[in-house]
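*Asks:* I'd like to go over a predicted model; first the sequence, then the structure.
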Amino acid sequence: MKQIRNANGQAKSSFSLAGLGKAPTGISGLDEISGGGLPRGRTTIVCGGPGCGKTMLGLEFLVRGIEEFGEPGVLLAFEETPEEMTRNFASLGFDLKGLSDKKKLFLDFMRIEPSEIHETGDYDLEGLFIRLQNAVDSVGAKRVVLDTPEALFSGFSNIAILRAELRRLFRWLKDRDLTTVVTAEQGEGTLTRHSLEEYVSDCVILLDHRIQDQISTRRLRVVKYRGTKHGADEYPFLIDDSGLSVLPVTAATLNHKISRDRVSTGISDLNTMMQGKGYYRGSSILVTGTAGSGKTTLACHFADATCRRGGRCLYIGFEESTDQVFRNAASVGIDLSPYVKKELLFHQAWRPTQYGMEMHLLRIHKLIDTLKPESVILDPISNLIGSGTQRDVRSMLMRLIDFLKEKGMTTLLTAMAKGGDNLEGTEEQISSLIDTWILLRDIEQSGERNRCLYILKSRGMAHSNQLREFVITSKGIRLLLPYIGSGQVFTGSARLAQEARDSAESLVRKQTIERKRYELQGKRRELDAKIAKLRAEFEAEEKQMEMLIHQAQNVEHRLEVDTEEMAGSRQAEVSAGPKNPKHVNGAQR
């Protein structure tokens, strides 16, 4: 007890209450759904129809408890003998006899034959208590499984007394802090035939085995779990050679971590269209296109790039066998076989109609948990439509993509496009979940169909908006630079023809330019000659003018000299007077 104070500052007492103790089951997914396991020291009912996996769950709870948590257990069966149990579960890798020999597991069988039972008054289950006590003490058990104790009801008519005895049995188990699983057959409109859940209801788990469209699906639901938070949805589960696995539903929040690292697409030209770096690590990529557009080839390039840098790749095919995929990849220069030997590439192929959607999802989960790949390829997801509704497929893929993003795995999905005008859409309706969407399409020109590639979107990066011709060669995929003419993109032979026409037109233009240049040079020469002639005539005239000007200047100069001489002579005559008469202008003065 500890002291705390209220809003008025007054002290008050408070008790620290411990949470409900839980015993982990070790069953993949079940502990996550139940918040840590089954209620420790209490009883859990596992109910369902025939063949749904009740005994499997109970027995695996015991075996995992021994092997993983060091808690010995007791199995008391009312329908199958220990020898039958040992043989039935040996195929799952459970060595019941070995655990029994090591005093870790106690197997017991209580035979109830109604025809051999005679009621002679009051009765109780004291003999059962004694057998259980002996079994628990012999191995130091912490866990107990009662497999179909409802068989007891078939031999007695006084059900009320038997129910009271069962209540006493379950109280006896609880008092000894034994974590107990009781299996029971489902009744008509009730969880169990004899309403065991009414008085053993700490935890109730319902198993369901349903057949829809000839496809088997198993589901688990925690109907009740007293005193703790738990998942209340229906969860698919699978029984395979490693036991029982439950698939939790995807969390509602989107809080997966992102990476800024980039990984190669395996095609250098495609990397160039994505800033030269490729996809973001941990992102989801969708490749859609019509039949034969090259979706699988592009996926093989991505697998090759992953393995080439030393990463693991899980390739799941729903259409082609492993040998067929490898042969076709080799024809375009991609040899995937060495990666299988190095345990870098794991190719799994199965028919989509083999399982329901949940089973596909659960099987993929188990492969991913086992292999821990860097990248995952599903080729093609459109084939899943045949084994479920569009809603089921979308739900399954959404949960798978979320799961892979949480794991930081790069995912590439291929899907078939129907063609026509609605290429930018998928039948699975998952485009909003995708980070990068690559569209492969065919263009018909000049009697040919040629492949083209376009990046419809790629979140978080600048990417090319060009439509590139997509060519599959013996050395892999090449993306040709776009060739545009007359307002359209040309591909194939139409591209070659257009290139030839453009080349011829370019040659004509060059020849025309050269001719014009030559004509211009000729005119320039003519003009230069005319200018030279005019300059020569001008220079000749200039010289004549200069001569005339020079002559005129000489005459003018001579006149000035003569004038000065005449002026001088007149002054001399004036100074001499009459003694020396002079002739002036031919007259005597």
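*Replies:* Done, it's in.

*Asks:* give the contact list for Arg226.
*Replies:* Listed by CB atoms under 8 Å, 6 or more residues apart in numbering, the contact partners of Arg226 are 39, 201-203. Any C-beta I mention is one placed from the backbone N, CA and C, and that applies to glycine too.

*Asks:* got the residues you listed as a markdown table, with distance to His463 columns?
*Replies:* Formatted as a markdown table, the contacts of Arg226 follow (distance: CB to CB, whole Å):
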| residue | distance to His463 |
| --- | --- |
| Pro39 | 53 |
| Ser201 | 57 |
| Asp202 | 56 |
| Cys203 | 52 |
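
*Asks:* Output those residues as CSV; include the columns neighbour count.
*Replies:* CSV is the format used below for the contacts of Arg226 (neighbours: other CB atoms under 10 Å):
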residue, neighbour count
Pro39, 22
Ser201, 17
Asp202, 20
Cys203, 26
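
*Asks:* Can you pick out the most distant pair from those residues?
*Replies:* Among these, the pair separated by the greatest distance (CB to CB) is Pro39 and Ser201, at 10.8 Å.

*Asks:* Could you check how far Gly289 is from Arg459?
*Replies:* 20 Å (CB to CB, to the nearest Å).

*Asks:* Just want to know which of the two has more residues nearby.
*Replies:* Between Gly289 and Arg459, Gly289 has the larger neighbour count (other CB atoms under 10 Å), namely 25 against 12.

*Asks:* Could you double-check that the more buried one sits in contact with Ala417?
*Replies:* Yes - judged on CB atoms under 8 Å, Gly289 makes contact with Ala417 at a distance of 5.6 Å.

*Asks:* okay, and the common contacts of the two?
*Replies:* Joint contacts of Gly289 and Ala417 (CB under 8 Å, 6+ apart) are 439, 441.

*Asks:* Number of residues surrounding Asp502?
*Replies:* Neighbour number of Asp502 under other CB under 10 Å is 14.

*Asks:* element containing it?
*Replies:* Secondary structure assignment for Asp502, by DSSP states H and E: helix 492-576.

*Asks:* Also Ile239?
*Replies:* Per DSSP H and E, Ile239 falls inside strand 235-240.

*Asks:* so what pLDDT did Gly317 get?
*Replies:* pLDDT, Gly317: 93.

*Asks:* Apart from its chain neighbours, what residue comes closest to it?
*Replies:* Counting by CB to CB, 6 or more residues apart in numbering, Gly317 lies nearest to Ala349, which is 4.3 Å off, once chain neighbours are set aside.

*Asks:* quick one: the one you found and Ser321, what's the gap?
*Replies:* Distance from Ala349 to Ser321, by CB to CB: 5 Å.

*Asks:* Show me which of these two is the more surrounded one.
*Replies:* Ala349 (16 against 12).

*Asks:* so the more buried one makes contact with Glu320?
*Replies:* Yes - Ala349 is within contact range of Glu320, at 6.8 Å (criterion: CB under 8 Å).

*Asks:* Output the contacting helices and strands for the strand holding Ile239.
*Replies:* Secondary-structure packing of strand 235-240 (3 or more CB pairs under 8 Å, 6 or more residues apart in numbering; DSSP states H and E): strand 215-225, strand 243-246, helix 357-371.

*Asks:* can you rerun that using 10 Å?
*Replies:* In terms of contacts (3 or more CB pairs under 10 Å, 6 or more residues apart in numbering; DSSP states H and E), strand 235-240 is packed against helix 30-33, helix 54-69, strand 203-212, strand 215-225, strand 243-246, helix 357-371.

*Asks:* mind giving me JSON lines with these and columns for mean pLDDT?
*Replies:* Below are those laid out as JSON lines (pLDDT from 0 to 100):
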{"stretch": "helix 30-33", "mean pLDDT": "88"}
{"stretch": "helix 54-69", "mean pLDDT": "93"}
{"stretch": "strand 203-212", "mean pLDDT": "86"}
{"stretch": "strand 215-225", "mean pLDDT": "84"}
{"stretch": "strand 243-246", "mean pLDDT": "83"}
{"stretch": "helix 357-371", "mean pLDDT": "84"}
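
*Asks:* Name the residues that touch the strand holding Ile239?
*Replies:* With CB atoms under 10 Å, 6 or more residues apart in numbering as the test, strand 235-240 has contacts from 27-30, 32-33, 51-53, 56-57, 60, 92, 207-209, 217-222, 244-249, 355-363, 365-366, 396.

*Asks:* List the contacts of Thr55.
*Replies:* 46, 75, 77, 79-80, 85, 88-89, 145, 147-148, 181, 183.

*Asks:* So for Gly276, which of the helices and strands packed on strand 235-240 sits nearest?
*Replies:* helix 357-371 (30.1 Å).

*Asks:* Show the subsequent helix or strand relative to the closest one.
*Replies:* strand 375-379.

*Asks:* what lines up beside that following strand in the sheet?
*Replies:* Here strand 375-379 is paired, per DSSP bridges, with strand 313-317 (parallel), strand 410-416 (parallel).

*Asks:* and those strands, which is most packed in?
*Replies:* For the strands paired with strand 375-379, the largest average neighbour count (mean count of other CB atoms under 10 Å) is found in strand 410-416, namely a mean of 25.

*Asks:* For it, give the mean pLDDT please.
*Replies:* 93.

*Asks:* all strands for the stretch 301-450 of the chain, in order.
*Replies:* Ranges of strands in the stretch 301-450 of the chain, per DSSP state E, counting those that start in this stretch, are 313-317, 345-349, 375-379, 410-416, 436-445, 448-458.

*Asks:* Ok, which of the ones you listed comes nearest Ser100?
*Replies:* strand 345-349 (36.2 Å).

*Asks:* Who are the packing partners of that closest one?
*Replies:* helix 295-308, strand 313-317, helix 322-330, helix 337-341, helix 357-371, strand 375-379.

*Asks:* Just the C-alphas of the first one, formatted as CSV.
*Replies:* In this case it means helix 295-308. Taking C-alpha atoms only, helix 295-308 is exported to CSV below (Å, rounded to 0.1, in the frame of the first residue of the first chain):
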residue,chain,number,x,y,z
LYS,A,295,6.2,-7.8,-66.2
THR,A,296,7.9,-11.0,-65.2
THR,A,297,11.1,-10.1,-67.0
LEU,A,298,11.2,-6.8,-65.1
ALA,A,299,10.6,-8.7,-61.8
CYS,A,300,13.5,-11.1,-62.7
HIS,A,301,15.8,-8.1,-63.2
PHE,A,302,14.8,-6.9,-59.7
ALA,A,303,15.5,-10.3,-58.2
ASP,A,304,18.8,-10.5,-59.9
ALA,A,305,19.8,-7.0,-58.6
THR,A,306,18.8,-8.0,-55.0
CYS,A,307,20.9,-11.2,-55.1
ARG,A,308,23.8,-9.5,-56.9
